[in-house]
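Peer 1: here's a sequence, model it:
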Amino acid sequence: MGVLGLALYLMFFAPGMGPMPWTINSEIYPLWARSTGNALSTATNWAFNLIVSMTFLTLIETITKYGTYWLFVGIVFLAIVFMVTLLPETRGKSLEEVEELFIEPWCSCGSRDALDETSTDEVIDTKL
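Peer 2: Sure, this is the predicted structure:
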């Protein structure tokens, strides 16, 4: 049963979310930072694998099997929301075009451009 469960897990994980981090890593880094970025992301991946392995039994005892399952489901849900909302589509784009996608900031809050759009009088009025 254990081997069958592992085989089923790999059959469903490998074509779905399994290769996603490695695919994204091969596309998002500029050429000059690719090796360092891949090394750091691989280290982060293994660090979180270690954290899950080291805390799994404690979580099962603390928040039960169902609580642990739903905790991990929540984390996966947040990851999916992150990927859908913040990662741009890179299919069919050259490496240079992909690099341009990631040069743009995610939001303009607190940037110099946002401050430059307001006049000096408006900034003074808001401080009073």
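
Peer 1: now this structure, which segments are flagged as low pLDDT?
Peer 2: Applying pLDDT under 70 to the chain flags the ranges 17, 104-128.

Peer 1: can you give me the helices in it?
Peer 2: Counting by DSSP state H, one finds helices in the chain at the ranges 2-13, 20-28, 34-86, 95-103, 112-117, 120-127.

Peer 1: most tightly packed of those helices?
Peer 2: helix 20-28 (a mean of 14; mean count of other C-beta atoms under 10 Å). All C-beta atoms are positioned from the backbone trio N, CA, C, and that covers glycine.

Peer 1: need the residues that contact it.
Peer 2: Contact partners of helix 20-28, identified using C-beta atoms under 8 Å, 6 or more residues apart in numbering, comprise 37-38, 41, 45, 83, 87, 90, 95, 98, 102.

Peer 1: any chance of the residues you listed in a markdown table, with distance to Tyr69 too?
Peer 2: As requested, those are arranged in a markdown table below (distance: C-beta to C-beta, whole Å):
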| residue | distance to Tyr69 |
| --- | --- |
| Gly37 | 32 |
| Asn38 | 31 |
| Ser41 | 26 |
| Asn45 | 21 |
| Met83 | 21 |
| Leu87 | 26 |
| Thr90 | 32 |
| Leu95 | 39 |
| Val98 | 36 |
| Phe102 | 34 |
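
Peer 1: need the max-distance pair from those residues.
Peer 2: Between all members of the contacts of helix 20-28, the longest pairwise span (C-beta to C-beta) is found for Asn45 and Leu95 and amounts to 22.5 Å.

Peer 1: quick check: Leu101 vs Leu31, distance?
Peer 2: 15 Å (C-beta to C-beta, to the nearest Å).

Peer 1: Glu61 now?
Peer 2: In this view, Glu61 and Leu31 are 47 Å apart by C-beta to C-beta.
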